[in-house]
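> below is the sequence, then the predicted model.
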Amino acid sequence: MSKRFEIAYLLKSNIDNLIDTTINIKGWVRTKRGNKNVAFIAINDGSIVHNIQVVVDLANFDEELLKKITTGACLSVDGKLVKSMGQGQSVEIQAEQIEVYGEASPEDYPLQKKGHSLEFLREIAYLRPRTNTFGAIFRLRHAMAFAIHKYFNDHGFFYLHTPLITASDCEGAGEMFQVTTMDLNNLPKTEDGAIDYQKDFFGKQTSLTVSGQLEGELGALSLGKIYTFGPTFRAENSNTPRHLAEFWMIEPEVAFNDLEDNMNLAEDFLKYLIRYALDNCMDDLQFLNNMWDKELLERLNFVLNNSFVRLKYTEAIDILLQAKKKFEFPVAWGVDLQSEHERYLVEEHFKCPVILIDYPKDIKAFYMKQNDDGKTVRAMDVLFPKIGEIIGGSQREENYDKLLKRIEELEIPQKDMWWYLDTRRWGSAPHSGFGLGFERLLLFITGMANIRDVIPFPRTPGNAEF
């Protein structure tokens, strides 16, 4: 068998030395067309959004073999690589030998050559990576994951693996998936009739994590600069295009950083990721721009080429109250801003990305550093066009007494937070961090409208298929 080459290599590299030599490719049939003398087979192997054309002289191949070559079939092709005379491709392969690895019955193969809705493709998520759209999305997902690790490694951060099973609720919202090995049909009870979690695997009530932040803070207060990047879980019954029950989070934590440092890190980080996508993934971005969102490339460059406006929450409320626009959700000081408010600030008022700071403490988490006014905390949200909030973060409260008081105000059980409080007793330090939802980032990078379409196997209320 001839040496195999990936299609991306054949279409993107200088391959003059391979012209008129016999090579091998393997991949899946996207289309097959032709006449009684010749067939043209478009093959894709997932390495690039583009297909390569295989030209088959029908007289040289068995008719029964040719019948097996249908859309979706998996082939190995040996043939001569030649410069293409047709439009749209630089090279093509003149087939000399074809092996069918796997057939795909044309009667019931779901991905025939026609337009499929994104809703339909979610129902066959095990096959949708074979489409151009999802091939592009998942290649971009890989590229962004790599770029995230590269950015932090190049900036001296340490990658910290925080636990997925935890006894603490970082966000205090209580929307957590419980973890247990107990027989749900025969739960052990205490004398007062409550569930006896001491009989459970971990000896206490545990859940899947909503964030690695609290443990990340411990890492920052010893290693200096850390980041987490892993799956997180929310048992929030939100069936919307913006919510998943299982998603990935990137969470840097940095000792000695204040809110200003935190904002600078967030802006630099986001611009690095967008620049990486534009520099390394243009084929996929151009395809998504042409097919799904004609403003995608313009929007990516818009963020890259603008400094982020920094604005206090109170000032943002004043702007929204004076806006000559009718919002679905009313605006008042003390409310958590909705996506429509965030997008107005970015897209219509400032016409550039915005970082909002100094939110009311009553709508933010217990660990955020309190400002001297007693009403606001040193929180920050980074707002982007089209999607609104993309990053949420804060300077953390390093003062033991203030943190303890806030935990007591919110009635968070101290028995679960003793270790977190202890970090404020022994060598506490100013520190800051933020969380970037990976799928939220990918919505922005790909231009897709539904978060279910940027993760291979979405987990949502009522759906845990595949």
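Cool, the structure landed. Residues are numbered from 1 along each chain as shown.
> quick one: contacts for the nearest residue to Thr206 once chain neighbours are set aside?
Spatial nearest neighbour of Thr206, excluding adjacent residues (Cβ to Cβ, 6 or more residues apart in numbering): Val179 at 4.7 Å. In short, each C-beta sits where N, CA and C put it, glycine included. By Cβ atoms under 8 Å, 6 or more residues apart in numbering, the contact set of Val179 is Ile165, Phe201, Phe202, Thr206, Ser207, Leu208.
> can we see that at 7 Å?
By Cβ atoms under 7 Å, 6 or more residues apart in numbering, the contact set of Val179 is Ile165, Thr206, Ser207, Leu208.
> just name the closest of those residues to Tyr109, please.
Of all the contacts of Val179, Tyr109 sits closest to Leu208, with 36.5 Å by Cβ to Cβ.
> which ones are touching the nearest residue to that closest one once chain neighbours are set aside?
Spatial nearest neighbour of Leu208, excluding adjacent residues (Cβ to Cβ, 6+ apart): Phe233 at 3.9 Å. By Cβ under 7 Å, 6+ apart, the contact set of Phe233 is Phe177, Leu208, Thr209, Val210, Ala245, Glu246.
> any idea how far Asp196 is from Thr180?
Separation of Thr180 from Asp196 (Cβ to Cβ, to the nearest Å): 12 Å.
> between the two, which one's more packed in?
Using other Cβ atoms under 10 Å, the more surrounded residue of Thr180 and Asp196 is Thr180, with 16 against 13.
> quick check: beta-bridge partners of the closest residue to Phe350 other than its chain neighbours?
Take Phe350 and drop its neighbours on the chain: the residue closest to it by Cβ to Cβ, 6+ apart is Val309, 4.9 Å away. Beta-bridge pairing for Val309 (DSSP bridges): Val354.
> do I have it right that Val309 meets Leu356?
No - at 9.3 Å, Val309 does not count as touching Leu356 under the criterion of Cβ atoms under 7 Å.
> ok, these two, which is more surrounded?
Leu356 (25 against 16).
> distance of that one from Pro458?
Counting by Cβ to Cβ - Leu356 and Pro458 are separated by 29 Å.
> can you check Ala332 too?
Separation of Ala332 from Pro458 (Cβ to Cβ) stands at 34 Å.
> repeat that for Lys351.
33 Å.
> and for Glu253?
28 Å.
> next, Ala39: phi, psi?
phi -120, psi 150 (degrees, to the nearest 10).
> isn't it up against Val54?
No - using Cβ under 7 Å, Ala39 makes no contact with Val54, being 8.3 Å away.
> out of the contacts of Val179, what pair is the most spread apart?
So, those by Cβ to Cβ: farthest apart are Thr206 and Leu208, at 8.5 Å.
> overlap in contacts of the two?
With Cβ under 7 Å, 6+ apart, Thr206 and Leu208 have common neighbours Ile165, Val179.
> of Ala39 and Val54, who's got more company?
Higher neighbour count among Ala39 and Val54: Val54, with 23 against 18, using other Cβ under 10 Å.
> before we move on, back to that, more neighbours: Lys351 and Pro458, which one.
With neighbours defined as other Cβ under 10 Å, Lys351 and Pro458 compare such that Pro458 has more, 21 against 13.
> need the helices for the stretch 251-400 of the chain, in chain order.
259-280, 282-291, 296-304, 313-322, 339-343, 400-409 (DSSP state H, counting those that start in this stretch).
> any idea how many residues pack against the residue nearest to Gln286 when sequence neighbours are not counted?
Among residues not flanking Gln286 along the chain, Leu297 sits closest, at 7.3 Å (Cβ to Cβ, 6+ apart). By the criterion of other Cβ under 10 Å, Leu297 has 17 neighbours.
> look up the pLDDT of Leu297 for me, please.
With respect to pLDDT, Leu297 has a value of 98.
> cool, the one 3 residues further on as well?
Per-residue confidence (pLDDT) for Leu300: 97.
> which SS state does the residue lying closest to Tyr272 once chain neighbours are set aside fall under?
Nearest non-adjacent residue to Tyr272, counting by Cβ to Cβ, 6+ apart: Tyr151, 5.2 Å away. Using DSSP: H, G, I helix; E, B strand; the rest coil, the structure places Tyr151 in helix.
> the one 10 residues further on now?
On the three-state scheme (three-state DSSP), His161 is labelled coil.
> backbone phi and psi for it, please?
phi -90, psi 110.
> what number of residues lie near it?
A total of 11 residues lie near His161 under the criterion other Cβ under 10 Å.
> go on, the one 5 residues further on?
A total of 21 residues lie near Thr166 under the criterion other Cβ under 10 Å.
> per-residue pLDDT, it?
At Thr166, pLDDT is 92.
> nearest residue to it other than its sequence neighbours?
Thr209 (4.7 Å).
> one more: Glu217?
Closest to Glu217 by Cβ to Cβ, 6+ apart is Glu253, at 5.3 Å.
> distance of that neighbour from Gln414?
Counting by Cβ to Cβ - Glu253 and Gln414 are separated by 22 Å.
> higher neighbour count, those two?
Set Glu253 next to Gln414 and count neighbours by other Cβ under 10 Å: Glu253 wins out with 31 against 12.
> list the contacts for the more buried one?
Glu253 neighbours (Cβ under 7 Å, 6+ apart): Gly216, Glu217, Gly219, Ala220, Ile226, His431, Gly433.
> repeat for Phe247
Taking Cβ under 7 Å, 6+ apart, one finds Thr232, Gly437, Phe438, Glu439, Ile455 in contact with Phe247.
> out of these, who's nearest Pro241?
Glu439 (11.0 Å).
> now do the SS call for that closest one.
helix.
> so Gly79 is in which element?
Assigned by DSSP states H and E, Gly79 belongs to strand 74-83.
> what is the neighbour count of Phe152?
Phe152, neighbours per other Cβ under 10 Å, totals 19.
> in space, what's closest to it - neighbours in sequence excluded?
Nearest non-adjacent residue to Phe152 (Cβ to Cβ, 6+ apart): Tyr227, at 4.8 Å.
> buried stuff in the host helix or strand of that neighbour?
For Tyr227, the host element (DSSP H and E) is strand 225-233. Applying a neighbour-count criterion of 16 or more other Cβ atoms under 10 Å, one finds Lys225, Ile226, Tyr227, Thr228, Phe229, Gly230, Thr232, Phe233 buried in strand 225-233.
> and stretch 73-85, average pLDDT?
Stretch 73-85 comes out with an average pLDDT of 95.
> let me fix that, I meant to ask about stretch 118-130.
94.
> report pLDDT for the residue sitting furthest away from the middle of the chain.
Distance to the chain centre peaks in the chain at Ala59, reaching 48.7 Å (criterion: Cα atoms, centre = their mean). Looking at Ala59, its pLDDT reads 95.
> go on, Pro413?
84.
> mind pulling up the pLDDT for Cys170?
For Cys170, the predicted pLDDT is 69.
> oh, that last question was meant for Lys324, not what I typed.
At Lys324, pLDDT is 89.
> perfect, that will be all.
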